[in-house]
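Undergrad: Any chance you could fold what I've pasted below:
(2 chains)
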2 protein chains.
Amino acid sequence: MQSIQTLNFLKKIDSYISGEEISQSLNLSRAAIWKHMQELRQLGYEIIAFPHLGYKLVSVPDKLLPHEIQYGLGTKLLGKRIDYEETVSSTMDVAFKLAMEGASEGTVVCAETQTKGRGRLGRQWASAKGKGIYMSLILRPKFAPVEVAKLTLLCGVALTETIKKTAGLQVSIKWPNDLFVNGKKLAGILTELNAETDRVKFVIVGIGININTALAGLPSVGTSLKNETGHDHDRVKIFQEVLRGIEKWYLRLGEEGFLPVIKKCKELSLILNQRIRISDPAGSIEGEAIDIDQDGGLLIRQDSGVITKKMAGDVVRL
Amino acid sequence: MQSIQTLNFLKKIDSYISGEEISQSLNLSRAAIWKHMQELRQLGYEIIAFPHLGYKLVSVPDKLLPHEIQYGLGTKLLGKRIDYEETVSSTMDVAFKLAMEGASEGTVVCAETQTKGRGRLGRQWASAKGKGIYMSLILRPKFAPVEVAKLTLLCGVALTETIKKTAGLQVSIKWPNDLFVNGKKLAGILTELNAETDRVKFVIVGIGININTALAGLPSVGTSLKNETGHDHDRVKIFQEVLRGIEKWYLRLGEEGFLPVIKKCKELSLILNQRIRISDPAGSIEGEAIDIDQDGGLLIRQDSGVITKKMAGDVVRL
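TA: As a prediction, the model looks like this:
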């Protein structure tokens, strides 16, 4: 979109600037500048035009527009391509299709709302329109399929840091894939993979974060950044930090492997050293969550002394 | 295709039968019968029409037509739907797309040839036109992703039995996914999965068997049933046995789990108790292949005494 160039120019100017000056600086015709202003306004940008003074950008729309996320993003890998639509069935489905067609590592899909947003095991993910971050990220790690569980933990660690940095909230990781604050679910991670038996072809990491969502739009166990802090948050800024944070931890894997992720994940864990019940299709067991091991699995010590390892499951604190 | 009804009727008759009799038996007009004969001939069926005697089916085309595979198949699950095209890029790609769109368990994709037939790790699979079986099967087992490796072994076991039954050849399983006869590769299995971290959504099992392929159309390590036995084989009959065989072992899983598969796989193994080298992206190690464990992994004892477990890799006998 050509008008992005004009937009980015306006962003650098804190005062009014004449169409003539923009035209000269960008080497574009006055007619082109005028057309760009119309385009930007249609996207929701508020641009004042004042006789003799010129144009001024007053506000940007509260949308997850790719060029806004990419503006000043500074990542090497994630978000070089961002596919955005107002409404999708599920960002997972869109990203999966793109990945099958060969989309490169780091490609991101996001939307203002999802009609069939989903969580683990096909459960629903509430996607209040324009209030949260609903994104899916394509990664192509050189992993065996079994390693993908650790990638969920990696994203969990990155997200806790992001929330701390952008909203000042201390978030815990509820193994394996949820983020909790003050006992309520703030965000979830859904990891899907496409693999041969011994190597991953691609992974789609889905991330849902409740940002400015009203409590009424959330399940009973849910909360949002707005609900926890009492004010709205800039979704684009948080989105950028999510991408930077995941990239930082992901690029570290090459040098240090998953051990720093596991270590951090244990520090941030909501359930470690707690008495829990964990349920999965095989049944449910109770005991103490004693460790997250090097595979990212949870070790549970039952009252009999037997220690069981689980790679996933629904955990309840008792 | 309506003419299938007429075809199946002709198959039951060993001699000539008049159009009038077919028409009355099937409650179809003479014009419809005539049209069916034309359709069938276009598919490659040889049907003689003799004045005063009527029609006789003389030969069926050497093609993997779905209705031929389904004729007398008798399976409960596999092959209820068979998608067939003369030429595809890869049956894996077609099946993957169908599975993403929700195709049910047991759906089969097959073709006469593949322009991009593939094996493990993206390697090429030679697909001489009309000479082999190139198929992909959609399964939706209630597994964790790690269990899928055992599904490859299950199909290997089923295929060895199929080849034994239909061609009288003793075939060995070269762990993890190839079938060998007289030191040469006869068939290969490629298993791809789509999963969440803790549950499989679907598995695509790809099977390539060299049936009537000339040696010139195969890689140097390859062989075909024709090459081993000296004569052509009926691809449709073998295809049917493949489906019946995999179904038999797959349905057993519900009651008995994978242990009978692993047991059989060890009996049929080409490399067990042999000195081997196994290579994967992590490097290669040498030692004795001492066991296939309950996960379907190969245990290798190196000279140092260290025992290493591998879930996949390229194995060479030393």
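Undergrad: what residues does the stretch 201-318 of chain A put near chain B?
TA: Within the stretch 201-318 of chain A, the positions near chain B by CB under 8 Å from any CB of the partner chain are A:201, A:280-281, A:311-313. For glycine as for every other residue, the C-beta is placed from the backbone atoms N, C-alpha and C.
Undergrad: And whichever residue of the stretch 51-200 of chain A sits closest to chain B, its phi and psi?
TA: Using CB to the nearest CB, residue A:198 is the residue of the stretch 51-200 of chain A that sits closest to chain B, at 3.2 Å. Main-chain torsions, residue A:198, degrees, to the nearest 10: phi -120, psi 0.
Undergrad: Look up the closest residue to it, ignoring the ones flanking it.
TA: Distances taken as CB to CB, 6 or more residues apart in numbering or on different chains place residue B:312 nearest to residue A:198, at 3.2 Å, with adjacent residues excluded.
Undergrad: Report how many residues lie close to that neighbour.
TA: Here the number of neighbours of residue B:312 (other CB atoms under 10 Å in any protein chain shown) works out to 23.
Undergrad: Please report the distance of residue A:223 from residue A:101.
TA: 37 Å (CB to CB, to the nearest Å).
Undergrad: Over to residue A:8?
TA: Taking CB to CB, one finds residue A:8 at 30 Å from residue A:101.
Undergrad: higher neighbour count, those two?
TA: residue A:8 (13 against 7).
Undergrad: what's the helix or strand containing residue A:228 in contact with?
TA: Assigned by DSSP states H and E, residue A:228 belongs to helix A:225-229. For helix A:225-229, the surrounding residues in contact (CB atoms under 8 Å, 6 or more residues apart in numbering or on different chains) are A:163, A:167-169, A:181-182, A:186, A:209-215, A:232-233, A:238.
Undergrad: so residue A:277 bridges to which residues?
TA: Going by DSSP bridges, residue A:277 is paired in beta bridges with residue A:286, residue A:316.
Undergrad: For it, give me its contacts.
TA: A:284-286, A:315-316, A:318.
Undergrad: And the next helix or strand past the helix or strand residue A:112 falls within?
TA: Assigned by DSSP H and E, residue A:112 falls within strand A:108-114. Downstream of strand A:108-114, the next assigned helix or strand under DSSP H and E is strand A:132-139.
Undergrad: what's that next one packed up against?
TA: helix A:91-100, strand A:108-114, strand A:200-210, helix A:235-256 (3 or more CB pairs under 8 Å, 6 or more residues apart in numbering or on different chains; DSSP states H and E).
Undergrad: Please repeat the previous calculation with a cut-off of 10 Å.
TA: If you count contacts as 3 or more CB pairs under 10 Å, 6 or more residues apart in numbering or on different chains; DSSP states H and E, strand A:132-139 packs onto strand A:82-88, helix A:91-100, strand A:108-114, helix A:148-167, strand A:184-196, strand A:200-210, helix A:235-256.
Undergrad: Compile the ones you listed into JSON lines and extend it with columns for distance to residue B:173 and mean neighbour count.
TA: Shown next, in JSON lines, are these (distance: least, CB to CB, whole Å; neighbours: other CB atoms under 10 Å in any protein chain shown):
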{"stretch": "strand A:82-88", "distance to residue B:173": "43", "mean neighbour count": "17"}
{"stretch": "helix A:91-100", "distance to residue B:173": "31", "mean neighbour count": "21"}
{"stretch": "strand A:108-114", "distance to residue B:173": "41", "mean neighbour count": "24"}
{"stretch": "helix A:148-167", "distance to residue B:173": "27", "mean neighbour count": "23"}
{"stretch": "strand A:184-196", "distance to residue B:173": "18", "mean neighbour count": "24"}
{"stretch": "strand A:200-210", "distance to residue B:173": "25", "mean neighbour count": "24"}
{"stretch": "helix A:235-256", "distance to residue B:173": "35", "mean neighbour count": "19"}
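Undergrad: Dump these to CSV, plus mean pLDDT.
TA: CSV is the format used below for the helices and strands packed on strand A:132-139 (pLDDT from 0 to 100):
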stretch, mean pLDDT
strand A:82-88, 96
helix A:91-100, 95
strand A:108-114, 97
helix A:148-167, 96
strand A:184-196, 95
strand A:200-210, 97
helix A:235-256, 96
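Undergrad: who are the neighbours in contact with the most centrally placed residue in chain A?
TA: Geometric centre of chain A, nearest residue: residue A:207, 4.4 Å, by CA atoms, centre = their mean. By CB atoms under 10 Å, 6 or more residues apart in numbering or on different chains, residue A:207 lies in contact with A:91, A:108, A:110, A:132-137, A:155-156, A:158-159, A:162, A:179, A:187-191, A:239, A:242, A:246.
Undergrad: And it, how far from residue A:189?
TA: Taken as CB to CB, the span from residue A:207 to residue A:189 is 6 Å.
Undergrad: and what of residue A:239?
TA: 15 Å.
Undergrad: Likewise for residue A:220?
TA: Taking CB to CB, one finds residue A:220 at 20 Å from residue A:189.
Undergrad: What of residue A:269?
TA: Taken as CB to CB, the span from residue A:269 to residue A:189 is 14 Å.
Undergrad: mind listing what's buried in stretch A:40-57?
TA: By neighbour count with 16 or more other CB atoms under 10 Å in any protein chain shown, stretch A:40-57 contains the buried residues A:40, A:43, A:45, A:47, A:54-57.
Undergrad: contacts for that stretch?
TA: A:1, A:3-4, A:6-7, A:9-22, A:33-34, A:36-39, A:58-63, A:65, A:67-68.
Undergrad: Mind giving me the PyMOL command for buried ones among the residues you listed?
TA: Restricted to buried positions by 16+ other CB under 10 Å, the PyMOL selection for those reads:
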select buried, chain A and resi 3+4+6+7+9+10+17+19+22+33+36+37+39+60+63+65+68
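Undergrad: what number of residues lie near residue A:132?
TA: 30.
Undergrad: Same check on the one 3 residues further on?
TA: Other residues lying near residue A:135 total 25 when counted by other CB under 10 Å.
Undergrad: Check residue A:303 too.
TA: Quick note: residue A:303 (other CB under 10 Å) scores 9 neighbours.
Undergrad: Skipping adjacent residues, who's closest to it in space?
TA: Closest to residue A:303 by CB to CB, 6+ apart is residue A:287, at 6.6 Å.
Undergrad: sorry, back to before: inside helices: which ones of the residues of the stretch 201-318 of chain A next to chain B?
TA: Using DSSP state H, no member of these sits in helices.
Undergrad: Just the closest of those to chain B, please.
TA: Once CB to the nearest CB is applied, the member of those that ends up nearest chain B is residue A:312, at 3.2 Å.
Undergrad: right, and that closest one touches residue B:198 too?
TA: Yes: the criterion here is CB atoms under 10 Å, and residue A:312 meets it with residue B:198 at 3.2 Å.
Undergrad: about what we covered before: so which of the residues of the stretch 201-318 of chain A next to chain B sits lowest on pLDDT?
TA: Ranked by pLDDT, these bottom out at residue A:281 (76).
Undergrad: Does that one touch residue B:141 like I think?
TA: No: under the contact definition of CB under 10 Å, residue A:281 does not touch residue B:141, with a separation of 11.6 Å.
Undergrad: which neighbours do the two share?
TA: In contact with both residue A:281 and residue B:141: residue B:199, using CB under 10 Å, 6+ apart.
Undergrad: separation between the nearest residue to residue A:177 once chain neighbours are set aside and residue B:71?
TA: Nearest non-adjacent residue to residue A:177, counting by CB to CB, 6+ apart: residue A:189, 4.5 Å away. Distance, residue A:189 to residue B:71, using CB to CB: 49 Å.
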